[in-house]
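Q: show me how the following folds:
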Amino acid sequence: MAYLAHVLPDGLEPGLDETLFYDPTGMGAPSGVHMAYVEVDPDTGMVEILDYVAVDDAGVIINPLLAKGQIHGGVVQGIGQALYEEVCYDRETGQLLTGSLLDYAVPHADSLPKIRSQFQETPSPTNPLGVKGIGESGAIGAPPTIVHAVLDALAPFGITHLDMPLTPQKIWTAIRDARREQSQ
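A: So this is what the prediction gives:
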């Protein structure tokens, strides 16, 4: 290295530097379908996810283990958004009530199903590797999948809409109100 430093032309600093820019002509967008099978306890409002299947097309999969991990992690994040995670404030004072993980619900391993994931590899024509994005696939697919599965389970009560998160209290209240309306 010392030799190279001495033979450099005047004004040129020693070091290695390379810059390359790649500007693709288009973006490779992933696609997929997620499905969930849930059970809702009408007496408690608790949701149990019995099965979850995700089939995603992220183009050419370079590292299958990493890709599967991305899907699984995103699905868990999406389940959290759909069923648990809610920021709550005191209506009178505006004080944050869910300021720590003791108060802010997140999914736990014992409340999650085995997530089955598969890949359909359709190479993207917009880049030399044929890859598409995968990082957000699970997190984007899971919330509407879970919400619609729960609403399907609540259809016999005439419940067609609930805002996320679908907490047990929110589901139980909706069932109670629907039963009251049906009995009148």
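
Q: next up, the contacts around the spatially most central residue of the chain.
A: Among the residues of the chain, the one closest to the centroid is residue 139, at 1.3 Å (Cα atoms, centre = their mean). Residue 139 is in contact with 74-75, 77-78, 81, counting by Cβ atoms under 8 Å, 6 or more residues apart in numbering. Glycine gets a C-beta too; all of them are placed from N, C-alpha and C.

Q: what's the local residue count around residue 138?
A: Close neighbours of residue 138, defined as other Cβ atoms under 10 Å, add up to 28.

Q: now the helices: where do they sit in the chain?
A: Shown for the chain, the helices assigned by DSSP state H span residues 2-7, 64-83, 137-154, 168-183.

Q: which of the ones you listed sits closest to residue 21?
A: helix 64-83 (25.4 Å; Cβ to Cβ).

Q: can you list the neighbours in contact with the closest one?
A: Among residues not part of helix 64-83, those counted as contacts by Cβ under 8 Å, 6+ apart are 34, 47, 49, 52, 54, 56, 58, 61, 105-107, 112, 115, 117, 119, 134-143, 145-147, 150, 164-167.

Q: re earlier: who wins for proximity to residue 95 among the helices of the chain?
A: With Cβ to Cβ as the yardstick, what comes closest out of these is helix 168-183 (19.7 Å).

Q: give the rounded mean pLDDT of the closest one.
A: Across helix 168-183, pLDDT averages out at 95.

Q: the inter-axis angle of it versus helix 137-154?
A: Angle, helix 168-183 to helix 137-154, by axes from the mean of the first three to the mean of the last three Cα atoms, to 10 degrees: 30 degrees.

Q: which elements pack onto helix 168-183?
A: helix 137-154 (3 or more Cβ pairs under 8 Å, 6 or more residues apart in numbering; DSSP states H and E).

Q: mind listing what's buried in the helix it packs on?
A: 137-143, 145-147, 149-151, 153-154 (16 or more other Cβ atoms under 10 Å).

Q: what's the most distant pair in those residues?
A: 137 and 154 (26.6 Å).

Q: what's the pLDDT at residue 4?
A: 56.

Q: quick check: closest non-adjacent residue to residue 32.
A: The shortest distance from residue 32 to any residue other than its chain neighbours is 3.5 Å, reached at residue 56 (Cβ to Cβ, 6 or more residues apart in numbering).

Q: how many other residues sit next to residue 83?
A: Residue 83: 28 surrounding residues under other Cβ under 10 Å.
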